[in-house]
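Novice: give me coordinates for this.
(chains A and B)
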Amino acid sequence: MESRITTRIRQTVAAGYKAMGIFITSGFPNPDVTLEILNAIDAGGADFIELGMPFSDPLAEGLPIQQSSERALAAGASMKTTMEAALRFRAGSDTPLLLMGYLNPVIRFGVSNFFQTAASCGVDGVILPDLPPSERPLVAGAAESAGVDVIQLIAPNTSDERIRLVDDVSSGFVYAVSITGLTGTGHGQSGAVNQYLRKARTLVTHNPLLVGFGISSHEDAMRLSEHTDGFIVGSAVIRKVDALYGDSSLTSAERAAALSRFVRDLKQGSSQA
Amino acid sequence: MTSILDTPSETGRFGDYGGIFVPEILVPAVEELLAAYREAQRDPAFQAELDQLLHTYVGRPTPLTFANRLTDELCGPRIYLKREDLCHTGAHKINNTIGQILLARRMGKTRIIAETGAGQHGVATATVCAKFGLECIVYMGAEDIERQNLNVLRMRLLGAEVRPATSGSQTLKDATNEAIRDWVTNVEDTFYIIGSVVGPHPYPMLVRDFHRVIGRETREQLQKAEGRGPDALVACVGGGSNAMGLFYPFLGDEGVAMYGVEAAGEGLDGRHAATLTLGSPGILHGAMSYLLQDEDGQIELAHSVSAGLDYPGVGPEHAFLKDVGRVTYVSATDDEALEGVKLLSRTEGIIPALETAHAIAYLPKLAKTMTPDQIVVLNCSGRGDKDMGTISRYI
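Specialist: Numbers count the residues shown, from 1 in each chain, chains lettered A, B, ... in the order given. Purely as a prediction, here's the structure:
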């Protein structure tokens, strides 16, 4: 059976749009506002949301997501507050929700317990950047019995053979990292990125293909998703949330409206806002 | 259950520990490294060049010194010191950096990165980069840059760029995070020389292999001196590379007891770095092993007076050897380590590194359980010159 994530991406593409995933660190800037941020992103038209599980040592992240993790943990974020935010979000929305983060907190929570709890909180999938396909057996059984997708990633230096392998084992979609680098960094040679994504498009046949890393505007998103079913924005959203919540002159409603508008502009372009 | 002699497995496992928990971007890099290492192992020219450099540049074999006055003072077993402090650059670390830079050159990598805690691995990396004419960038926690300033100056003199890691605890853990982030970003031309038996497969294996010369020489030298092997081996354990180097060739010798000494910092009920003693299994820096972590799986800050042991993880092979009971892991506090520095300096005329001093600190306890006809070998992993600033604040 096709999962809620895959179905939503396929429907969006069938309607003539690129699917848009939005990342936000759970508990950033503090756990009390995570639900209102999720709702604002949902209202802005995200096709799915990735809720980041903060970790003390996020290896593949650039500064914006590193710092958002640090601040979330300092403000009291935990696996418990993340699961609670997911559950409360799910009570009011059908938008697919993923958890994204590093393996250690998942293992500490207990792999089986983690997937069961995530499923019962309405989580549809997980992205674990430090889990390559060869280590997938650590979570595969627990994820499958809970009915939770485990999304695998590819990168510009991934061989054709491995791209096929990733497509074979991944569920939900295949996440194409646009650069050899960290989240939140820009793009160098766009020709090379284009070529890599075009190739990935022909090799990924079982799953939808989405591109992420280094997308901070509608224009970036359209350019990079030419060969994919959609795109994912993370660090740019973190920066926006940081700015909105750092501005004490704004009310909650104003922040929510501005965040929704930012998300809508990422998808549609500012001219239609 | 994996045999202790037949590790790691094809997938890089030591029992349940080890593995390759890295972002997809790094998978081709570790696969390429494994292939290059396997090929190098089959190439007699590689081993010959390594042996030549270890002999004429590093100064191997290092002596095995009989510690007669320390033996007399402790009234226990005959104590021998494996003198890794006499290696070029002052610690065992260069055994590994020489091996890895030969691999880097073989793989055509032009840029070398490393992490460092006490600065010993950073110096050993900067040294071989100078010797081979390769660009060198060393990540070092901002706090460690303060407390190990002499080593920072040495690295710079050797032509390396020292980049401060300013995130988190600003120590070895964070320097490792930054080095991995650099590797992710520059994976095409960059070789990451990891400084201990940690990280994703094949690093724990190849770092161990480059250090096992310590144990091999010890076996041969002790045979010559005493006509027999040791009854016990003692080494300090942070990440655990000097300990693995000494222990590994003896793992199959059932009569040889082994003790790994971790840093208990202010004490096991205070801030410490005793990962195997008090930690629990988890994943950090690419491998499953024991970690210092809180209930939510966040990594906790380690503490030790010795920057080289100030790490909340430990090599996966040590985790395995602990679980199967082959090696006994104990700990020594900051204060005990400082007493260890004084003890070895006073009795043997050898000022040990603060890391090594943790192993020395365990000797008086161990000596009480052994007899004068028995033999213990302690890995004197580094010399203490770099620590004189810290030591002078305590004595």
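
Novice: name the helices or strands packed onto the host helix or strand of residue A:153?
Specialist: Here residue A:153 sits within strand A:149-154, counting by DSSP states H and E. Contact analysis of strand A:149-154 by 3 or more CB pairs under 8 Å, 6 or more residues apart in numbering or on different chains; DSSP states H and E lists strand A:125-127, helix A:137-146, helix A:160-169, strand A:174-177 as its packing neighbours. From N, CA and C alone the C-beta is placed, and that goes for glycine too.

Novice: pick the most deeply packed of these.
Specialist: strand A:174-177 (a mean of 27; mean count of other CB atoms under 10 Å in any protein chain shown).

Novice: so how far is it off the chain centroid?
Specialist: Distance of strand A:174-177 from the chain centroid (CA atoms, centre = their mean, to the nearest Å) equals 10 Å.

Novice: got the CA positions of that strand in CSV?
Specialist: What follows is strand A:174-177, C-alpha atoms only, in CSV (Å, rounded to 0.1, in the frame of the first residue of the first chain):
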residue,chain,number,x,y,z
VAL,A,174,14.2,9.4,-2.3
TYR,A,175,15.9,12.5,-0.9
ALA,A,176,18.5,13.9,-3.3
VAL,A,177,21.0,16.0,-1.5
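
Novice: neighbouring strands for that strand, and are they parallel or not?
Specialist: Pairing partners of strand A:174-177, with direction, according to DSSP bridges: strand A:149-154 (parallel), strand A:209-212 (parallel).

Novice: which one of the ones you listed lies nearest to residue A:60?
Specialist: Comparing the strands paired with strand A:174-177 against residue A:60 with CB to CB, the closest turns out to be strand A:149-154 (9.2 Å).

Novice: got the contact list for the closest one?
Specialist: Under the criterion CB atoms under 8 Å, 6 or more residues apart in numbering or on different chains, residues A:3, A:5-6, A:98, A:124-129, A:131-133, A:136, A:139-140, A:143, A:162-163, A:166, A:169-177, A:200, A:204, B:23-24 lie in contact with strand A:149-154.

Novice: got the angle between it and helix A:137-146?
Specialist: 140 degrees (axes from the mean of the first three to the mean of the last three CA atoms, to 10 degrees).

Novice: quick one: mean pLDDT over strand A:149-154.
Specialist: For strand A:149-154, mean pLDDT rounds to 98.

Novice: count the neighbours of whichever residue of the stretch 251-395 of chain B sits closest to chain A for me.
Specialist: Of all residues in the stretch 251-395 of chain B, residue B:297 sits closest to chain A, at 3.1 Å by CB to the nearest CB. Other residues lying near residue B:297 total 24 when counted by other CB atoms under 10 Å in any protein chain shown.

Novice: ditto for the one 3 residues further on
Specialist: Neighbours of residue B:300 under the rule other CB under 10 Å: 18.

Novice: please name the residues that touch the closest residue to it other than its chain neighbours.
Specialist: Nearest non-adjacent residue to residue B:300, counting by CB to CB, 6 or more residues apart in numbering or on different chains: residue B:292, 4.3 Å away. Listed by CB under 8 Å, 6+ apart, the contact set of residue B:292 reads B:273, B:275, B:278, B:279, B:299, B:300, B:301, B:302, B:312, B:313.

Novice: near chain A, which residues of chain B show up?
Specialist: Neighbours of chain A within chain B, by CB under 8 Å from any CB of the partner chain: B:11, B:19-25, B:27-28, B:167-168, B:173, B:177, B:180-181, B:184-188, B:280-286, B:291, B:293, B:295-299.

Novice: can you tell me which of those residues are buried?
Specialist: Buried subset of the residues of chain B next to chain A (neighbour count, 16 or more other CB atoms under 10 Å in any protein chain shown): B:19-25, B:27-28, B:167-168, B:173, B:177, B:180-181, B:184-187, B:281-286, B:291, B:293, B:296-299.

Novice: quick one: low-confidence ranges for chain B?
Specialist: Scanning chain B for pLDDT under 70 picks out the ranges B:1-2.

Novice: circling back to that earlier point, pretty sure the residue of the stretch 251-395 of chain B closest to chain A is touching residue A:107, no?
Specialist: Yes. Under the criterion of CB atoms under 8 Å, residue B:297 makes contact with residue A:107 at 6.7 Å.

Novice: now do the shared contacts for the two.
Specialist: Residues touching both residue B:297 and residue A:107 (CB under 8 Å, 6+ apart) are residue B:282.

Novice: helix or strand: which one has residue 261?
Specialist: You didn't say which chain, so I picked chain A. For residue A:261, the host element (DSSP H and E) is helix A:252-268.

Novice: actually chain B
Specialist: strand B:257-265.
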